[in-house]
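Chemist: attaching a predicted model along with its sequence, questions to come.
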Amino acid sequence: MSIDTLTWRGILDYLLMAAGLFFLYRALFRLGTWKIVLGILSFALFFVVASFLDLKGIEWIYRNVSQVAVLSFVVLFQPELRKLFEKAAPRKRSKGVHADERFSRLIAGSMWRLAENRIGGIIVIPGREPIDEWLNGGYTLNAQPSIPLILSIFDPNSPGHDGAVIVQKGMFTSFGVRIPVSTSGRLSEEYGTRHQASMGLCERSDALVLVVSEERGKVSSFHKGCMTPMQSENQIVETIMSHCRKGGFFHLFRPEKKFRKALILEVAGALAVALFLWLTIVADQGEMLEKVLTAPVEYTATAEEMVMIGEKANEVRLHLAGSKSDLDLLSPTTLGVKIDLSKTAEGKQTILISEENIRLPKGVRLVDIVPSTLDITIAKIAKTTLPIKPQLVGTLSPNLRLVGMQIKPEQVVVSIPSGEVGENFERLTTTPIYLESLRGSTTLFCKIISPPAIQPTDKRWPDVEIVFTIEHVSSEGTPIDGEGMPLK
């Protein structure tokens, strides 16, 4: 990597890549698919190392399967990608509860009493993200929270005691609600359905879920894919208050001390991976290479009453140097050598080809051109009239004799270059006419053949009509009719 790479654009590029990797990791970690992503990244790292070591076989496999792998990735992670885009898009914020201490102490006290009595329960406090799509079943409630109400809802004899209570706008809106069970395997199997469902919802949204275990008589909170055991009633109050004050917004830096070390490691990992990928891309795309391409030669119009005659080069070979990324974008169709003939004088000319004649992209340098010069001939144009002579090939049959031949038109006005070509060209010819194919008097239409430098003044060549008058003759040369009888 050269010092030229360390521009503000390069630094910004690196930081944006690191931020993208960090947020992608956090999102996939919450969705429970990080293990699969880790496997894919391992394979990607393997191919990067193979590229550094210039292992041609592995590189060939990578180039040929990479597009299929991308499609497979999209199909495999279609639900997760949909969730990522849904979370990235702006939408209406879910209305949760206010940071009210009385409300928090009411919930905390109720959960603590349920734990003391070993009665299971789940209370869901939404955050910024709507959770309606993850909820199923349940009963509408729309009641003010109270300790007796909570104890009665989660009473083992209550019809909705196995479901969750949903809090919206400081109200208990529904109870007995079923929430999705976690499939990430993040939570140990020793925990029951309530804990697995709580983990499932907090993996899919930013809601705070409070759970009471009837087997252990303990209260736990679930938030953003993490489970935290509650040690006291005051801790439950602080957890609810903190969630309500944040309004459910996604905070990058969590205040919990035990998460800071993990967060620092995640950020450092994202920076390290981004640096490795960025340096790999810069080194690969910035590597200076040389390439030889064949480019077409394009001649612009000559001055008025002038024309280019004789043979001319139609292509040249360009020896180019530049970065791999710039050279990979080049192809014969994107290159071209343009020769301007508008100010060229009459006669033979030698034109030197330089970078000014070539449409090279920025960052690509011209090393050599073969040939480096082009020899052309420019002549003035004069108008003249040239006769048309049919191109007769072969002979007539022995019993046929050509009596007459009429040509229409007999001559054509043309633009002809002066000099050797124009002076030695005295007539125009037609396409070949094979006499042995004629069986009698007939009319044929032919095309005119001429050098490219000679053009008709009417912009297109006329069709030539040739009328052949042919008579039949005997072996002695006497004219006869079609039945072999002598003509009178």
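Modeler: All right, it came through fine.
Chemist: just the helices in the stretch 301-450 of the chain please.
Modeler: For the stretch 301-450 of the chain, the helices defined by DSSP state H, counting those that start in this stretch occupy 324-328, 420-424.
Chemist: comparing those, which yields the minimum mean pLDDT?
Modeler: Sorting the helices of the stretch 301-450 of the chain by mean pLDDT places helix 420-424 lowest, at a mean of 52.
Chemist: give the helix, strand or coil label for residue 216.
Modeler: Secondary structure state of residue 216, per DSSP: H, G, I helix; E, B strand; the rest coil, is coil.
Chemist: count the neighbours of it for me.
Modeler: Using other C-beta atoms under 10 Å, residue 216 has 14 other residues around it. No exception for glycine: its C-beta is placed from N, CA and C like everyone else's.
Chemist: residue contacts, it?
Modeler: Contacts for residue 216 were tallied using C-beta atoms under 8 Å, 6 or more residues apart in numbering; there are none.
Chemist: swap in 10 Å and give it another go.
Modeler: Contacts for residue 216 (C-beta atoms under 10 Å, 6 or more residues apart in numbering) come out as 115, 118, 191-192, 195, 229.
Chemist: just these: which are in strands?
Modeler: With DSSP state E as the criterion, strands contain residue 229 from among the contacts of residue 216.
Chemist: filter the contacts of residue 216 to the buried ones?
Modeler: By neighbour count, with 16 or more other C-beta atoms under 10 Å, the contacts of residue 216 hold 115, 191, 195 as buried.
Chemist: pLDDT score for the last one?
Modeler: The per-residue pLDDT reported for residue 195 equals 89.
Chemist: didn't it look like it was pressed against residue 201?
Modeler: No. Checked against C-beta atoms under 10 Å, the pair residue 195 and residue 201 is beyond contact range at 11.2 Å.
Chemist: what do the two both touch?
Modeler: Both residue 195 and residue 201 are contacted by 122, 181-182, 209, 222, under the criterion C-beta under 10 Å, 6+ apart.
Chemist: in those residues, which has the lowest confidence score?
Modeler: Lowest pLDDT among those: residue 182, 85.
Chemist: contact partners for that residue?
Modeler: By C-beta under 10 Å, 6+ apart, the residues touching residue 182 are 32, 191, 195-204, 222, 225.
Chemist: follow-up on the earlier one: report the two of the shared contacts of residue 195 and residue 201 separated the most.
Modeler: Within those, two members stand farthest from each other by C-beta to C-beta: 122 and 182, at 13.5 Å.
Chemist: any shared contact partners between these two?
Modeler: Joint contacts of residue 122 and residue 182 (C-beta under 10 Å, 6+ apart) are 195, 197-198, 201, 222.
Chemist: which of those tops the neighbour count?
Modeler: Neighbour max across these (other C-beta under 10 Å) = residue 198, 29 neighbours.
Chemist: quick one: list the elements packing against the helix or strand harbouring residue 16.
Modeler: Using DSSP states H and E, residue 16 maps to helix 8-31. Counting contacts by 3 or more C-beta pairs under 10 Å, 6 or more residues apart in numbering; DSSP states H and E, helix 8-31 packs against helix 34-52, helix 78-88, helix 193-204, helix 257-286.
Chemist: between those helices, which gets the lowest average pLDDT?
Modeler: Of all the helices and strands packed on helix 8-31, mean pLDDT reaches its minimum on helix 78-88 (a mean of 60).
Chemist: related to what we said a few turns ago, pick out the most distant pair among the shared contacts of residue 122 and residue 182.
Modeler: Spanning the widest gap among these are 195 and 201, at 11.2 Å by C-beta to C-beta.
Chemist: show the average pLDDT along stretch 470-488.
Modeler: On average, stretch 470-488 scores 64.
Chemist: those helices in the stretch 51-200 of the chain, which residues are they?
Modeler: Assignment of helices within the stretch 51-200 of the chain using DSSP H, counting those that start in this stretch yields the ranges 56-76, 78-88, 101-116, 147-153, 193-204.
Chemist: and the fourth one, what does it pack against?
Modeler: Right, the one you point to is helix 147-153. Checked by 3+ C-beta pairs under 10 Å, 6+ apart, helix 147-153 has helix 101-116, strand 121-125, strand 139-143, strand 164-168, strand 171-177 packed alongside it.
Chemist: tell me the most buried of those?
Modeler: The highest mean neighbour count among these, using mean count of other C-beta atoms under 10 Å, belongs to strand 121-125: a mean of 25.
Chemist: partner strands of it, parallel or antiparallel?
Modeler: Strands that pair with strand 121-125, judged by DSSP bridges, come out as strand 164-168 (parallel), strand 208-213 (antiparallel).
Chemist: contact partners for residue 465?
Modeler: Contacts for residue 465 (C-beta under 10 Å, 6+ apart) come out as 406-409, 443-446.
Chemist: for those residues, please prepare TSV with the additional fields neighbour count and distance to residue 109.
Modeler: Shown next, in TSV, are the contacts of residue 465 (neighbours: other C-beta atoms under 10 Å; distance: C-beta to C-beta, whole Å):
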residue	neighbour count	distance to residue 109
406	11	121
407	16	117
408	13	115
409	12	113
443	10	115
444	15	113
445	11	108
446	18	110
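Chemist: ok, so of these, who is nearest residue 237?
Modeler: The closest of the contacts of residue 465 to residue 237 turns out to be residue 445 (C-beta to C-beta; 104.4 Å).
Chemist: what about the closest residue to the closest one other than its chain neighbours, neighbour count?
Modeler: Counting by C-beta to C-beta, 6 or more residues apart in numbering, residue 445 lies nearest to residue 463, which is 5.2 Å off, once chain neighbours are set aside. Residues within reach of residue 463, counting by other C-beta under 10 Å, total 12.
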